[in-house]
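S.K.: I would like the atomic coordinates for the input below:
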Amino acid sequence: MSEPQFTLYSTLVGPNGWKVAMVLAELGLTYKTLWPDFSKKEQKGPEFTKLNPNGRIPVLIDHKNNDFTLWESNAIIEYLVAKYDPEHTISFADFESQQYVRQWLYFQASGQGPYYGQAVWFIKNCNGEPAEVVDRYTNETKRVLKVLDRVLATREWLVGDKLSVADISFLQWNTSADRIIVGSEFVDKETPNVRRWMNAMIARPGIAKVMTERVKMLSA
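M.R.: Below is the predicted model of the structure:
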């Protein structure tokens, strides 16, 4: 049996490695996942920081491209579709749509991930304190969800007429909002278009496979 094409460095808890895994799965690309031990700060050690000087996951190594190594999840996603999606299964051929995808990827990286991440950190690791800090990040999470909901009220997907990496990039952090930050009732009632969109993505075979794998590993 041949070795997988990619090595993905990830973590069970954080969403960013899993969204890369979803893109790999949707493109039918083979990969193995390595899990640095965060309790031992392996992601900050010299072996790992040779791959990513920022000491964060994810990192992806493409063994069929001279072990080309890339970090930052959305940069990895852009690389994967540029090099391995010639049929534009989850990307677009036309230049303008490509820019719209990039727009959403940037918004996800700057407007969703940091605020959701801070909300989860203070809720889970600081027992919801200080309250004003949690309120700030929770309110920003709600604001981002409502931005997405307004856009999705008029279209099925963020760009064009099909699922793309623009959509996939938001899913894992939105499940954190659903489970931890604002709760499923808020998403269901206040942002129903986001709920419909999330359900449509979760129904995809590749995405469903990755999400099932994550749930099994977290419950093990």
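
S.K.: Determine the three-state secondary structure at residue 90.
M.R.: coil (DSSP: H, G, I helix; E, B strand; the rest coil).

S.K.: if I pick it, what's in contact with it?
M.R.: Contact analysis of residue 90 by Cβ atoms under 8 Å, 6 or more residues apart in numbering lists 23, 26-27, 81, 162-165, 168. Using the backbone N, CA and C atoms, a C-beta is placed for each residue, glycine as well.

S.K.: Now flag whichever of those residues is closest to residue 200.
M.R.: Nearest to residue 200 among those: residue 163, at 7.4 Å, using Cβ to Cβ.

S.K.: what about residue 121, distance to residue 113?
M.R.: Counting by Cβ to Cβ, to the nearest Å, the gap between residue 121 and residue 113 amounts to 12 Å.

S.K.: Which one of those two is surrounded by more residues?
M.R.: Under the neighbour definition other Cβ atoms under 10 Å, residue 121 and residue 113 were set side by side, and residue 113 has more, 23 against 13.

S.K.: Walk me through the domains of this structure.
M.R.: According to automatic domain parsing, the chain is divided into the following domains: 6-89, 95-205.

S.K.: Nearest to residue 217, out of the ones you listed?
M.R.: Each of the domains of the chain has some distance to residue 217 by Cβ to Cβ; the shortest is domain 6-89, at 5.5 Å.

S.K.: what's the span of the closest one from first residue to last?
M.R.: 19 Å (Cα to Cα, to the nearest Å).

S.K.: quick one, helices of this protein?
M.R.: 15-26, 46-49, 73-84, 95-107, 113-125, 131-152, 165-176, 184-190, 192-202, 205-219 (DSSP state H).

S.K.: could I get the ones you listed as CSV with mean pLDDT and distance to residue 64?
M.R.: Formatted as CSV, the entries for the helices of the chain read as follows, by pLDDT from 0 to 100; distance: least, Cβ to Cβ, whole Å:
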stretch, mean pLDDT, distance to residue 64
helix 15-26, 96, 13
helix 46-49, 92, 22
helix 73-84, 98, 10
helix 95-107, 98, 24
helix 113-125, 89, 29
helix 131-152, 95, 35
helix 165-176, 96, 20
helix 184-190, 96, 39
helix 192-202, 97, 28
helix 205-219, 89, 20
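
S.K.: Could you export the ones you listed as JSON lines, including distance to residue 36?
M.R.: What follows is those, written out as JSON lines (distance: least, Cβ to Cβ, whole Å):
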{"stretch": "helix 15-26", "distance to residue 36": "10"}
{"stretch": "helix 46-49", "distance to residue 36": "6"}
{"stretch": "helix 73-84", "distance to residue 36": "15"}
{"stretch": "helix 95-107", "distance to residue 36": "24"}
{"stretch": "helix 113-125", "distance to residue 36": "18"}
{"stretch": "helix 131-152", "distance to residue 36": "26"}
{"stretch": "helix 165-176", "distance to residue 36": "18"}
{"stretch": "helix 184-190", "distance to residue 36": "31"}
{"stretch": "helix 192-202", "distance to residue 36": "27"}
{"stretch": "helix 205-219", "distance to residue 36": "15"}
